[in-house]
Every structure is written in C-alpha cells, then in structure tokens.
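Undergrad: this one's structure only:
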C-alpha cells in the first residue's frame, strides 16, 4: 500500500446511537508500521485536486462513487467460521438438538476422519481440504459483505484452526481466532471433544503461539480464548482458560443464555452457581475483554455483574430468530450500560452479513416493543443498529476509538458502499437497492440497510490495505 | 414462443406442506391460445435427446443448470406497486403514522402535482413519469426475484393505474391490478382521496374496462377490486364495491387486522359491527375471491367467518416484523382450514422478494412457537413456507391446480434457480449461496431459501413466455 493515500467523497458513519453523520470531504490515510491510520480529515475539501492542495502533498486519491459512500467496516463479534458450510441448514431444530444434529458432525470433519459427516461421503475424507474450502470461503464472503473485523470460532483441531489463522491473515481481515475448547465428556460426543483439561490447555497454547508467529503485535490477528460454553467444559478447564487468558492478555469468547433449555442445563450442571453469568464469573472468565454471545435470557442481576466486570455482549438476532431462541433485550442492556455489538452467529445465523444482522436487530427490537405493549422505546432504529455493528462492535473487541468512524487516529477499516440507480424508464443497476433520485441521503442509507447486500460493497480496506474489490 | 418446448433437468416443488418433491426428467409445454401449459411430464427422461425420443417430437429443449433446478414461480399475494420507491423507508413508524408520514405522500405523487412529495423537489412535478419509473422497476424487480404472479395495489389515480397494467402486461407478469379506493373524508388526507362513493365506483370501473381491453380473458391480467381498508372507505362505498366485484366476477383485495390500533379504530368507526371481519362480511366483501392481507390480530370466531366465506389470507411476515405489527398465527389459520399465501407487502415490507417472505415466515413462526412455550407445532419449516409461497398463493388467487407445480395441465409459470459452486480453494461464484458439493438437494434448497436472492434466478417464464433472463 502507498505510504499515504487520500480518500475523497461522501463519508457516512453512526458515531452515536442517534446520530447518522453524513459528511463530504477528504481523509488522509498514512501507513505507519504497515497500518493505515487516519492522519488528517478535512470536511471542506470539494474535489480530488482540492484535497491534494489542502493536504499539501502528492498522493493517490481514491474517490467514492457518486451514488455511494465510505462507511466504517462492519465488526462481526460472533461467527463460527467452521459452521459456514451449514449456513441455512438447521431444519426446525433449536440450540441443543441443532448442536448434535448439524454442528458437531460438521465441525468434527475438520480434523477427524471418523466424523459422521464422512459416513456417506463418496470422497476419501480429507479434513484439511474441507477446512481450507470452508475457511477460504467464509473469510472471502465476510470481507465481501464489508466485515473488516471478525471474532471467529474454529474447531477443536489445532491444525485446521491454524489454517483459519493463515487464511484470515493472508486475506488481510482483522481477525480473532478461537480454537474451541470442549471436554466435558457427558456433554460432548466421543468423536468431537478434547480428552482432558490438559489437552484443552495444550492445544489452546499451540494456537496462541501460532497466531503470535503470524502477527506478534496481535493487532491484525490474535488468538481468542474460546471455551465453547459452560455446559461443554469441565469446571477445571474453565478456570485454567481464564488463567491462560490473563497471563497472555487475550480476549475470551463464549456463549451465554441463548436458549431456555440451555439455561436449565447450566443450572443442573452447576448447581452451586446462582446463575449462568455466575458460572463464568466464578471461574474468572468475565473480563473487560470477554465477548458473551447471545444473552437472550439474563436477569437484571446478571446484567449488573456483566456490567461490573465490563464484559461485552454480542447480539445475534438472526440466529435467535432462526433457532427460536427468544427475544434479546438489547435496549435494557444498553440502558444498563453494557457494551453490545452485533454477531452473525453463522451458522445458527444463516447469513455472513452484518447488514443482515442490522436488519434483524431492528426487527427483533420491534417484536420486543410489541410484546411490551407497543412501547417504541425498545425499538432500534437503523442508525442505532448500524452503530451497534460498527462502534458497538469496536467496544466489544476492545478497539473503541480505533474503529467505527472517520476521526484522526482511527484505523482505515472501511467499506465503500455503492447503491443502484434507476433510470426514468425504470431500468436499474444490478443490485437490490434502487435509488430513484429524489431520496435524501438518510433515506438512501435506509434503503441500503433494508435491501443491500454484497453487491453494494464495492471495495473494502483493512488497516489501509485493500482486501476486497468487487469485479 | 415456440408452439412446444421441452424443459429438461431437475424439478423441485412443494406440492404439500410437508413434501419437498425433487424430480429429474422432462416436461413438455405446449402453447394453446398463447398460454404455455404442461402437456406431458416424464420423470424417466435422462437427457435432452432422451426427451425428444420419449415425447416423440421435434422441439427446442431448455436445460436447467446442473447446479440448479426449475421451481414454480412465486406468487406475491399482496404488494403495493406504488410504494416500491419507499422500500426500506419507514423509520420507527407503525401502521397508522406510517401511512400519513411515508405512504400517502408517495402514492399521491402519482397523480397529484400538489402531493407533499413535490414540495421540496427541484424538478417540475410529473406524476406519470414518476409512476412509470416506479412501476417499470417494481415489475422488473419482482420478476427478477422469481415472482410470476402478483396482486398489486396501485393508487387512486386511473391514469397511473392503467400505466401499471400496461407495464405488467407488456413485461408478461401474471398480475392483478388494484385501483385503490379511499373516500372517507376524516380518514384520508385532502390531497389523496376519492371525493365520493360515486368517484370511487366510476374510477374503479374505468380501471376494470382498461384491464379488460388489454386482456379480455382476464387470465394474465385482471383488475382486482381494492377498497384500501375498512377505515378509509365510506360504508356505502364498501357495499357498492362488493356489488361491482360480484357483477364483474372479480377478485377483491383489502387489509385486515394488521395492527392493534387499527383494530381499535375500526371498532370506533363501525360501532355496530362485531369485529373487523364482520365489517367486511356485513358489506359483502368476503368472497372466495377475496384476499385479506395480514390477519395478525383475529379471533377464532373471525377465522370461522373467513373460512365459511372461503376468503383467503395473505401473510406478510416481513412487514409485520418491520412495522412491529405483531405475530401472525399462521399455524392456527392453516389448522382452521383457511387458505394462506405469502405477500411482500412492499413497502410496509422492505423487500420485493417472496423468498425473503419465505424466510421471514419461518422466523416469525419460530417466535410464535417460542411465545407458546417452545411449542414447535407452530414452526413453519422451509418446505411449508415454500408451499405457502407457491401452492398457497395459487389458492389465494384462485388458481389452485393451475399454478405451483409441475403436473399436466398446469401453467408454465416457472423460475430456474441456480446456486453457486465453491471450488476446493474456497473461491466461489457471484451469489450468496455457496454449495460445497457434499450437500444433498434438500440441504441445497435450504441454502437457497436462507441466502438466495435475485442472483440465483436465472430465467423466469410466465405462461410459457420467458419474461426474465439474468445477464
């Protein structure tokens, strides 16, 4: 990438839940240590030449499409990379039978030739080839949807997990790579579990070292400590993973209170703990760097604990609706002061698109409002949902102030969004977003949110490097 | 179109709520009076030449893509063509303020130069140009999404409504064209209403005559009598429209019980009627050819009346979620024996895609199940939702047995769906549906349902005529 690049055009972002900021001008991005960071912004610039003159430098100028804008890259705070081949495949299942019917068979196939997935396969089992196809595709796919940062779950297999790290690093996505820990014998199938706490820890350490070898700074790529969820881990494993995360100063990710039967199960498995939240708190897993996925069924008391520990929540609305998990009380959590971001939760969620999560977050919030007597206070508007998918996500991954906007000092993790134009005779471009010309930019953004897809993502940059361009 | 055409390849349909029928073979379509009808089917055919030989004729053979299939065209039983330019624009509104804030201003702009939409417009108001752009685009767009039949609401303006008829007829979509009736002074804005019952009837008759002049048979194009909804019509108008529909043997469409405040309003406006359903029943509007959109908040007693009258319901899940209208009890209605189809309800619904309605129908049904103590009996699986979007829709528009499948005597209203292929290195095609190769066809269909879009619709036929081809 060039040492300095100027970006000129329309810049749209959601710096606050109720502020859709629409600016035109130019941004100067400088590469420091290979990272593209915004050095200067100038909202008085009115053209490429004006940009060169006002910044007083010679540099390439990248111009946003007239019918488009630069928007902060999306942050997917919860996605199972290994489950991508199952996106859309879940039948009528809910969480616990979904895991055993669809998920464990697929995940195990990335490292175990005896995986049930290979049972009727015509080909010779080749776990790494399978992992490579899935991981290459999911990273390309999320980038194509404008996801510049993703917090991934892989599988229990070190080799395949390292392959995900390779692929994400190579393609340039900001990525946290979770080698999944699950070793509680009665809760995990024989064909897919760590044999012991020791194996969980040893293999996690191997993945940590591998991620460090790729990116010693941990800024673009880092391991994230990943106990699958409370029921699947031995208590001792939970404790040792917390210690490991602390020693290595790493993020932690896990699931919490997604489904009522799961909550009941946790109560049975951990009879001494007050709540699901208390299980994690007790084992030292609630930290300011912890991402808790779902939190659909948590009490106000649990919210207080999460807030005190400064742990974060990943809201996964598409998944919660598709698996019939319930209605996540996002407004209540935000009011309580908990940091919330969005997650696709592939493949509990069917889509790799955070824009789809934005839509579903809005829709689910309407349901919550309806269930509360039509109280519109629960509604998330599109600005607030976009804020969750960018600034909220930045808070969740610990990069608040570095991601999610166009201010000096922020990383250039950005997508260029281009909408379709409709001619007078009604012919339109190849996109599902039709702009007739009379809409103001706030309404154009609304149209993008509701009907946009990867066709509207023309270019994507991470840390100043262009990592996707739509042909 | 050729007098006879053979279609060869994979044919998938949902002839019953619980049956996803996957067949390979060939179908012979003959043109009778310009309509393409299935003359013969043969599920033993194993190739184009085999088809020619088995049918014993010379005819062009159209082959489905290897990674694709023929699927019955979708039937959109409720879509406001005039609202398409507002798709995605609804803010945090619910039904009644949505109408006054977004909908009436837009609709009025198709015939009234004093429409609020022109207030700040730079251009000279040109209602018909605006109508043409919107109607051309929405018909192209729905065809591109595989919608072969659509029941449209236009506006109150005869000229613009006739333009929609022209455009739909020209593009070859099977379409019902509704000239909207609304004349109750206190419920309609001055800038957008019929002046009297007489004007409602006269203008409806003008639209009826125009549709007949285009298609005397009424098979491809017909007027549909369209009282907007009970609150917007004078009681006398409701009665006269019912009479007119009976005299002309036409379909009727309107809205029912979408939103709780609307239900309350109807109670106030029609104090002598027992229920919202009773309003329509009393005025003679419940017939076997009546399409009632929404029916989110109706009692078992109302369902009984609807069933007795053999009136139909259009379920519009995306709209109900987006506008926070509530949870439509689809399972209960189906159990009661009511015919239900799917509608996009653009622009209460944000999307022109019935596939999106299929997805949302599944998700909303999960919510209903969750709210009923996790009772999975309420869940709609994808087969059932696809059945609603095809066979269900055929029942709703009165073409049961003619649309929705691949049986002898059925119309060739069909879409060819093509999915994406993922290579071993993880590169994929330009679609959001990634097929890795190990999925069976049932799972491929699931993937299509959850991540498919217009990119997967390669060709579309209505009555044997190809009306869309993706370039």
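TA: That came through fine. Everything numeric here is computed off the predicted structure, so don't read it as measured data.

Undergrad: which residues does the residue of the stretch 51-200 of chain A found nearest chain B contact?
TA: Proximity of the stretch 51-200 of chain A to chain B (CB to the nearest CB) peaks at residue A:136, 2.1 Å away. For the C-beta atoms, the positions are set from N, CA and C on the backbone; glycine is no exception. Residues near residue A:136 by CB atoms under 8 Å, 6 or more residues apart in numbering or on different chains: A:167, B:425, B:426, B:427.

Undergrad: 7 Å instead, please
TA: By CB atoms under 7 Å, 6 or more residues apart in numbering or on different chains, residue A:136 lies in contact with A:167, B:425, B:426.

Undergrad: what kind of secondary structure is it in?
TA: helix (DSSP: H, G, I helix; E, B strand; the rest coil).

Undergrad: mind checking pLDDT for it?
TA: Residue A:136 carries a pLDDT value of 97.

Undergrad: Out of the contacts of residue A:136, which is nearest to residue B:199?
TA: Proximity of these to residue B:199 (CB to CB) peaks at residue B:426, which lies at 62.0 Å.

Undergrad: For the stretch 351-471 of chain A, just list every one of the helices.
TA: Taking DSSP state H, counting those that start in this stretch, the helices of the stretch 351-471 of chain A run over residues A:354-371, A:382-387, A:393-396, A:441-451.

Undergrad: buried stuff in the helix or strand containing residue A:98?
TA: Element membership of residue A:98 [criterion: DSSP states H and E] is helix A:95-98. Residues A:95, A:96, A:98 are the ones in helix A:95-98 that count as buried (16 or more other CB atoms under 10 Å in any protein chain shown).

Undergrad: Can you list the buried residues in the helix or strand where residue A:254 lies?
TA: Residue A:254 is part of strand A:251-256, with elements assigned from DSSP H and E. The neighbour-count check on strand A:251-256 (16+ other CB under 10 Å) flags A:251, A:252, A:253, A:254, A:255, A:256 as buried.

Undergrad: Quick one: list the elements packing against the following helix or strand past it.
TA: Sequence order places helix A:260-269 as the next helix or strand after strand A:251-256, per DSSP H and E. For helix A:260-269, the elements it packs on are helix A:95-98, helix A:276-282, judged by 3 or more CB pairs under 7 Å, 6 or more residues apart in numbering or on different chains; DSSP states H and E.

Undergrad: Is the residue positioned nearest the centre of chain A within a helix or a strand, and which one?
TA: Residue closest to the mean C-alpha point of chain A, counted by CA atoms, centre = their mean, is residue A:76 at 1.1 Å. Assigned by DSSP H and E, residue A:76 belongs to strand A:74-80.

Undergrad: what packs against that strand?
TA: Using 3+ CB pairs under 7 Å, 6+ apart, strand A:74-80 sits against strand A:147-153, strand A:290-294, strand A:340-342, helix A:393-396.

Undergrad: Next, the angle helix A:354-371 makes with it.
TA: In terms of direction (axes from the mean of the first three to the mean of the last three CA atoms, to 10 degrees), strand A:74-80 departs from helix A:354-371 by 80 degrees.

Undergrad: Residue A:361 and residue A:316 touch, don't they?
TA: No. Counting by CB atoms under 7 Å, residue A:361 sits too far from residue A:316 to count as a contact (9.2 Å).

Undergrad: Which one of the two is surrounded by more residues?
TA: residue A:316 (33 against 28; other CB atoms under 10 Å in any protein chain shown).

Undergrad: Worst mean pLDDT among the helices and strands packed on helix A:260-269?
TA: Mean pLDDT is lowest for helix A:95-98 among the helices and strands packed on helix A:260-269, at a mean of 94.

Undergrad: does it come close to chain B?
TA: No. Helix A:95-98 lies apart from chain B when judged by CB under 7 Å from any CB of the partner chain; the minimum separation is 10.2 Å.

Undergrad: Could you identify the helix or strand that succeeds that helix?
TA: helix A:104-108.

Undergrad: Measure how far that next one is from the centre of its chain, please.
TA: 21 Å (CA atoms, centre = their mean, to the nearest Å).

Undergrad: do stretch A:394-402 as well
TA: For stretch A:394-402, the distance to the chain centre is 12 Å (CA atoms, centre = their mean).

Undergrad: one step back: quick check: angle from the strand holding residue A:254 to strand A:74-80?
TA: Using the same axes, to 10 degrees, strand A:251-256 lies at 60 degrees relative to strand A:74-80.

Undergrad: so strand A:251-256 versus helix A:260-269, what angle?
TA: 100 degrees.

Undergrad: Give me the buried positions along stretch A:9-28.
TA: Those would be A:9-15, A:17, A:20, A:24-28, for stretch A:9-28 by 16+ other CB under 10 Å.

Undergrad: Now for those: which two are most distant?
TA: Among the buried residues of stretch A:9-28, A:17 and A:28 lie farthest apart (CB to CB), at 28.4 Å.

Undergrad: still on that earlier bit, tell me which of the helices and strands packed on helix A:260-269 lies nearest to residue B:194.
TA: Nearest to residue B:194, of the helices and strands packed on helix A:260-269 and by CB to CB, is helix A:95-98 at 52.6 Å.

Undergrad: helices and strands around that closest one, which ones?
TA: In terms of contacts (3+ CB pairs under 7 Å, 6+ apart), helix A:95-98 is packed against helix A:260-269.

Undergrad: Rounded mean pLDDT for the helix it packs on, please.
TA: Per-residue scores along helix A:260-269 average to 98.

Undergrad: Dihedrals phi and psi, residue A:69?
TA: With angles defined as degrees, to the nearest 10, residue A:69 sits at phi -170, psi 160.

Undergrad: same question but for residue A:353, I mixed them up
TA: According to degrees, to the nearest 10, residue A:353 has phi -100, psi 120.

Undergrad: do residue A:15 as well
TA: phi -70, psi -30.

Undergrad: And the pLDDT at it?
TA: At residue A:15, the model reports a pLDDT of 98.

Undergrad: wait, what's in contact with it?
TA: Residue A:15 touches A:21, A:391, A:405, counting by CB under 7 Å, 6+ apart.

Undergrad: Mind checking which of those residues land in strands?
TA: residue A:21 (DSSP state E).

Undergrad: near chain B too, which of the contacts of residue A:15?
TA: Near chain B, by the rule CB under 7 Å from any CB, you find none of those.

Undergrad: Of the contacts of residue A:15, which is the nearest to chain B?
TA: Looking across those and measuring by CB to the nearest CB, the closest to chain B is residue A:21, at 17.7 Å.

Undergrad: Please report how far the closest one lies from residue A:15.
TA: Distance, residue A:21 to residue A:15, by CB to CB, to the nearest Å: 6 Å.

Undergrad: same deal with residue A:463?
TA: On the measure of CB to CB, residue A:463 and residue A:15 end up 20 Å apart.

Undergrad: can you check residue A:63 too?
TA: On the measure of CB to CB, residue A:63 and residue A:15 end up 23 Å apart.

Undergrad: Could you check the least confident helix or strand in chain A by mean pLDDT against chain B for contacts?
TA: Within chain A, no helix or strand scores below strand A:420-421, which has a mean of 88 by mean pLDDT, DSSP states H and E. No. Between strand A:420-421 and chain B, judged by CB under 7 Å from any CB, nothing touches; the nearest distance is 9.7 Å.

Undergrad: can you list contacts of that strand?
TA: Strand A:420-421 is contacted from outside by A:67, A:428, A:429, A:431, A:433, A:434, A:435, using CB under 7 Å, 6+ apart.

Undergrad: Can you say which of those are buried?
TA: Listed as buried from those are A:67, A:428, A:429, A:431, A:433, A:434, A:435; burial here means 16+ other CB under 10 Å.

Undergrad: can you map out the helices along the stretch 201-350 of chain A?
TA: Under the criterion DSSP H, counting those that start in this stretch, helices of the stretch 201-350 of chain A are mapped to A:235-248, A:260-269, A:276-282, A:300-308, A:317-322, A:330-335.

Undergrad: ok so, going back, can I have the buried ones of the contacts of residue A:136 as a ChimeraX selection?
TA: Entered in ChimeraX, the line below selects the buried ones among the contacts of residue A:136, by 16+ other CB under 10 Å:
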select /A:167 /B:426
